[in-house]
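Q: can't give you the sequence, but here's the structure:
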C-alpha cells in the first residue's frame, strides 16, 4: 500500500514492505555532527574533571537531541523536495554555529550556543507544523504540542545563555530536561491533550538506518582522533601496540552493534504494530548511551596513545572503563527492547569491567586499556558465536 502526499504536501511517499532510503542530503546534513562530536571530544580532553564530564555529557545530550529530532522529521517529510532540502541547509548552518560554540558554551559562547540550538529546534518544528497542516491532521496536532514544549524550553535556553557559571548550567539543565521529558509524557498540553506513540507512524527501517549511521559517525570520529594522535608520535613497539589496541577496540564496538543488533532492531521496528513506541525508547533515548561510550573510548585511546607507560592516572582509568561500560549498557538496553532479553554476554562484559576497575592502580595505561579491549572482544565473539545474523 502506497501513501501518497496530498497535492503540495511535503510528506515522504511510502510503499508497503519497502524501506525508505536515506537520502544524500540527510548524509550531507550529518557532516555537521562529525564536527560536533569532535568538538565535544576535544573539549572533554582539555577539561577532564567531574565538572568537565558533566558538561560534556550535557553537550552531547543537546547535540544528540537536535540530530534525533531532525531524523524524526525527515522520516515524515521528503528531503528530496526543495523546501525540505532548504530547511535542512538552514539547520546545517545553525548546527555549524552551535558546533563552533561547543568549546566556549559555558564561557563566552554561551548565548551563541543557546541561540543556535533554539533556532534549530523551534525553526524545524514550526516548519514541520506548517508542512503537516493539510497533509496529516494527527501529526499536525502532534507538532503543535511539540512546538509549545520547545517554546517553553527556549526561555530557559536563552536565559541560560544570558547568565554565567552555575546559573547558566542550571537553567540549561532545566531546558534540556523539559525537552527530554517531552516524548515520554506525550508532549501533553492542556487543551490539546497528549500524543500517543501510535500517532507517530514512523518508517522504522529508515529511522533505524539513520541511527546506525550516527553510530558510524561517532566511530569514525574516534578513528580520526586515534590517527591524529598516533601520527605525531615516533614509530616504536609501544606506540604501535597502543595504536593497534585503539583500532581493535573500534572494530569490536562496531561488531557488537552491527553484527546482530542493528539489523535485528531494524527488522523489529519495521514489522512492529507500534513502531513509534520502539522508536521513542530504543532509538531516541537509548542510542545516546552508545555515542557517549564511543566518545569516552576515543578520549581514553588518545590518553593511552599519548602516555602508554608509567602510572595510570584517574582520568585515563575513568575513560578506559566508563567508555566500554556505557557502550555495553546502551547495547544491552537497546537489545532488550528490540530482542526481548538481556544479552548474557553484555552482562558478563559489564561485570568484568567492574572487576577491572581496581587494577588501574597497578597496571600501566596501555595494559589497562588492552584488558578493556579484550573484554569488548570477548563480548563481540560471544554474541557472534551464540547467535547468527539470521536469528532476528
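A: All right, it came through fine. From a predicted model like this one, the values you see are computed outputs, not experimental measurements.
Q: I'd say residue 365 and residue 305 touch.
A: No. Using C-beta atoms under 8 Å, residue 365 makes no contact with residue 305, being 9.1 Å away. C-beta coordinates here come from the backbone N, C-alpha and C atoms, glycine included.
Q: and residue 321, how many neighbours?
A: 23 (other C-beta atoms under 10 Å).
Q: by contact count, what packs against the helix or strand harbouring residue 352?
A: For residue 352, the host element (DSSP states H and E) is helix 344-356. For helix 344-356, the elements it packs on are helix 314-339, helix 365-386, judged by 3 or more C-beta pairs under 8 Å, 6 or more residues apart in numbering; DSSP states H and E.
Q: measure how the longest one sits relative to helix 344-356, angle-wise.
A: Same thing as helix 314-339. With axes from the mean of the first three to the mean of the last three C-alpha atoms, to 10 degrees as the basis, helix 314-339 and helix 344-356 are set at 160 degrees to each other.
Q: list the buried residues in helix 314-339.
A: By neighbour count on 16 or more other C-beta atoms under 10 Å, the buried set for helix 314-339 is 315-339.
Q: ditto for stretch 37-52
A: 37-41, 43-45, 48, 52.
Q: how far is stretch 67-76 from where the chain is centred?
A: 13 Å (C-alpha atoms, centre = their mean, to the nearest Å).
Q: quick one: residues in contact with that stretch.
A: With C-beta atoms under 8 Å, 6 or more residues apart in numbering as the test, stretch 67-76 has contacts from 11-12, 20, 23, 26, 29-30, 33, 84, 88, 91, 120-121, 124-125, 128, 132, 136, 139, 200, 202-203, 206-207, 210-211, 214, 279, 283-284, 287.
Q: among these, which ones are in helices?
A: If you go by DSSP state H, the contacts of stretch 67-76 have 26, 29-30, 33, 84, 88, 91, 120-121, 124-125, 128, 132, 139, 206-207, 210-211, 214, 287 in helices.
Q: dihedrals phi and psi, residue 77?
A: Dihedral angles phi and psi of residue 77 (degrees, to the nearest 10) take the values phi -90, psi 150.
Q: I'd assumed residue 11 was in contact with it.
A: Yes. Residue 77 lies in contact with residue 11 (C-beta under 8 Å); the separation is 6.5 Å.
Q: from residue 52, how far off is residue 42?
A: Counting by C-beta to C-beta, to the nearest Å, the gap between residue 42 and residue 52 amounts to 12 Å.
Q: how about residue 326?
A: In this view, residue 326 and residue 52 are 16 Å apart by C-beta to C-beta.
Q: again with residue 338
A: For residue 338, the distance to residue 52 - C-beta to C-beta - is 33 Å.
Q: what's the answer for residue 318, then?
A: For residue 318 relative to residue 52 (C-beta to C-beta), the value is 11 Å.
Q: and the contacts of stretch 281-290?
A: Contact with stretch 281-290 is made by 60-61, 64, 68, 72, 180, 183, 207-208, 211, 214-215, 218, 257, 265, 269, 326-327, 329-331, 333-334, 337-338, as judged by C-beta under 8 Å, 6+ apart.
Q: now do the helices in the stretch 151-300 of the chain.
A: With helices called from DSSP state H, counting those that start in this stretch, the stretch 151-300 of the chain shows them at 165-184, 204-231, 237-256, 262-270, 275-278, 287-306.
Q: show me the one of those that comes nearest residue 150.
A: helix 165-184 (6.9 Å; C-beta to C-beta).
Q: tell me which residues are up against that closest one.
A: Identification of contacts with helix 165-184 by C-beta under 8 Å, 6+ apart yields 54-55, 58, 61-62, 65, 106, 110, 114, 121, 146, 149-150, 152-157, 159-161, 163, 280, 284-285.
Q: returning to that earlier point: next, the angle helix 237-256 makes with the helix holding residue 352.
A: Going by the same axes, to 10 degrees, helix 344-356 makes 150 degrees with helix 237-256.
Q: show me what counts as buried in helix 344-356.
A: Neighbour-count burial for helix 344-356 [16+ other C-beta under 10 Å]: 345-346, 349-350, 352-353, 356.
Q: and stretch 114-121, by the same measure?
A: Per 16+ other C-beta under 10 Å, stretch 114-121 contains these buried residues: 114-121.
Q: before we move on, the earlier item: could you dump the helices of the stretch 151-300 of the chain to CSV with mean pLDDT and mean neighbour count?
A: Listed next are the helices of the stretch 151-300 of the chain as CSV, based on pLDDT from 0 to 100; neighbours: other C-beta atoms under 10 Å:
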stretch, mean pLDDT, mean neighbour count
helix 165-184, 97, 17
helix 204-231, 89, 20
helix 237-256, 95, 19
helix 262-270, 92, 20
helix 275-278, 94, 22
helix 287-306, 95, 25
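Q: compare these and give me the one nearest residue 100.
A: Proximity to residue 100 (C-beta to C-beta) singles out helix 204-231 among the helices of the stretch 151-300 of the chain, at 16.2 Å.
Q: what is the closest one packed up against?
A: Short answer (3+ C-beta pairs under 8 Å, 6+ apart): helix 204-231 packs on helix 24-46, helix 50-76, helix 237-256, helix 262-270, helix 287-306.
Q: could you dump those to a markdown table with distance to residue 168?
A: Below are the helices and strands packed on helix 204-231 laid out as a markdown table (distance: least, C-beta to C-beta, whole Å):
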| stretch | distance to residue 168 |
| --- | --- |
| helix 24-46 | 16 |
| helix 50-76 | 10 |
| helix 237-256 | 33 |
| helix 262-270 | 37 |
| helix 287-306 | 22 |
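Q: out of these, which gets nearest to residue 361?
A: helix 287-306 (16.1 Å).
Q: centre of the chain to that closest one, how far?
A: 13 Å.
Q: same check on stretch 52-59?
A: The answer for stretch 52-59 is 14 Å, by C-alpha atoms, centre = their mean.
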